[in-house]
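Undergrad: sequence and predicted structure below; questions after.
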Amino acid sequence: MPYYVYIIQSIVDGTYYKGSTQNPIARLAQHNEGLSHYTSAKRPWILVYVEELPDKKSMLIREKKLKRGNKAYFEQIIQGSKNIALQFG
């Protein structure tokens, strides 16, 4: 099963949240159901970035890099070729 890093954006205030998962759609649903402490106050969320990685180690390294990014970086990679979010509907 592939591994993914993702970025979701709050509809309320445009805040970005970065994470990792094996199922981006299920994870987005958890965020929108308020099951994540860090994102429950800014619901609803939309999936704006998904990147597939070959293994768990690569996923965790990439997630750590994403968490150090800023808004300009996120907006740049959302437009980039690695973003497969549209495949997740």
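TA: Perfect, thanks for sending it. Numbering: from 1, shown residues only.

Undergrad: what about Y4, distance to A41?
TA: 24 Å (Cβ to Cβ, to the nearest Å). All C-beta atoms are positioned from the backbone trio N, CA, C, and that covers glycine.

Undergrad: of those two, who's got more company?
TA: The neighbour count for Y4 versus A41, taken as other Cβ atoms under 10 Å, is higher for Y4 (23 against 11).

Undergrad: give me the contacts around the host helix or strand of that one.
TA: Element membership for Y4 (DSSP states H and E) is strand 3-10. Strand 3-10 is contacted from outside by 15-24, 27-28, 31, 39, 42-56, 58-59, 62-63, 66, 74, 77-78, 85, using Cβ atoms under 8 Å, 6 or more residues apart in numbering.

Undergrad: and those, which are buried?
TA: Buried residues within the contacts of strand 3-10, counting neighbours by 16 or more other Cβ atoms under 10 Å: 16-21, 24, 27-28, 31, 39, 42, 45, 47-51, 53, 59, 62-63, 66, 74, 77, 85.

Undergrad: in strands only, show me the residues you listed.
TA: Among those, the ones falling in strands (DSSP state E) are 16-21, 45, 47-51, 53.

Undergrad: list the helices and strands the helix ranked longest in the chain packs on?
TA: When the chain is parsed with DSSP state H, its longest helix is helix 56-67. For helix 56-67, the elements it packs on are strand 3-10, strand 16-21, strand 45-53, judged by 3 or more Cβ pairs under 8 Å, 6 or more residues apart in numbering; DSSP states H and E.

Undergrad: what does R43 show for phi and psi?
TA: Dihedral angles of R43 (phi, psi; degrees, to the nearest 10) stand at phi -70, psi 150.

Undergrad: relative to G80, how far out is T15?
TA: 20 Å.

Undergrad: next, the distance between the ends of stretch 30-46.
TA: In stretch 30-46, first residue to last residue: 12 Å (Cα to Cα, to the nearest Å).
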